[in-house]
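**Q** Pasting a predicted model and its sequence here:
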Amino acid sequence: MKGLTTIGLLILSNIFMTFAWYGHLKLQETKVISNWPLYAVIFFSWGIALAEYACQIPANRIGYSGNGGPFSLMQLKIIQEVITLIIFTIFSTVLFKGESLHWNHIAAFVCLVMAVYFVFMK
């Protein structure tokens, strides 16, 4: 159960992270925040990033084997990176119509999935 909770929190964390890091670009593109000064955009993104941290920190604490969780530190990091790229790919291809997935992106994802496989090998 700790493993599923960890992965769920990591997914939620990465959704917030992606919106904090890249969502302002879409908001600027749609003219929602096009007149905002950069410092306001930064504070806006920090507010979203706070929600990211509110999910990321518990995910790492619950999932880490040193705290009774099922994952080593390396496993947590590799899982988080794969989740980040999956969330980012969905975000960029759905919200940014000019972005598309190419064969080299898929090849890179396959390499990351292989990284997950290798990090879990005994």
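**A** Done, it's in.
**Q** mind listing the helices for the protein?
**A** Assigned by DSSP state H, the chain shows helices spanning 2-18, 24-29, 38-63, 73-95, 103-119.
**Q** Make a markdown table from these and add mean pLDDT and mean neighbour count to it.
**A** The C-beta positions use only the backbone N, C-alpha and C, and glycine is treated the same way. What follows is these, written out as a markdown table (pLDDT from 0 to 100; neighbours: other Cβ atoms under 10 Å):
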| stretch | mean pLDDT | mean neighbour count |
| --- | --- | --- |
| helix 2-18 | 95 | 19 |
| helix 24-29 | 83 | 16 |
| helix 38-63 | 94 | 15 |
| helix 73-95 | 89 | 16 |
| helix 103-119 | 85 | 12 |
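**Q** what about the residue sitting furthest away from the middle of the chain, distance to Val41?
**A** The centre of the chain is farthest from one residue, Asn35, which by Cα atoms, centre = their mean lies 27.5 Å away. Noted for Asn35: a distance of 11 Å to Val41, by Cβ to Cβ, to the nearest Å.
**Q** With Ile90 instead?
**A** For Ile90 relative to Val41 (Cβ to Cβ), the value is 23 Å.
**Q** and if you look at Ile87?
**A** Applying Cβ to Cβ, the value for Ile87 to Val41 is 21 Å.
**Q** Check Ile86 too.
**A** For Ile86, the distance to Val41 equals 26 Å [Cβ to Cβ].
**Q** Over to Ala54?
**A** Counting by Cβ to Cβ, the gap from Ala54 to Val41 is 21 Å.
**Q** And Ile78, by the same measure?
**A** 31 Å.
**Q** likewise Thr84?
**A** 21 Å.
**Q** do the same with Gly69
**A** Gly69 sits 36 Å away from Val41, going by Cβ to Cβ.
**Q** Also Arg61?
**A** As judged by Cβ to Cβ, Arg61 and Val41 stand 30 Å apart.
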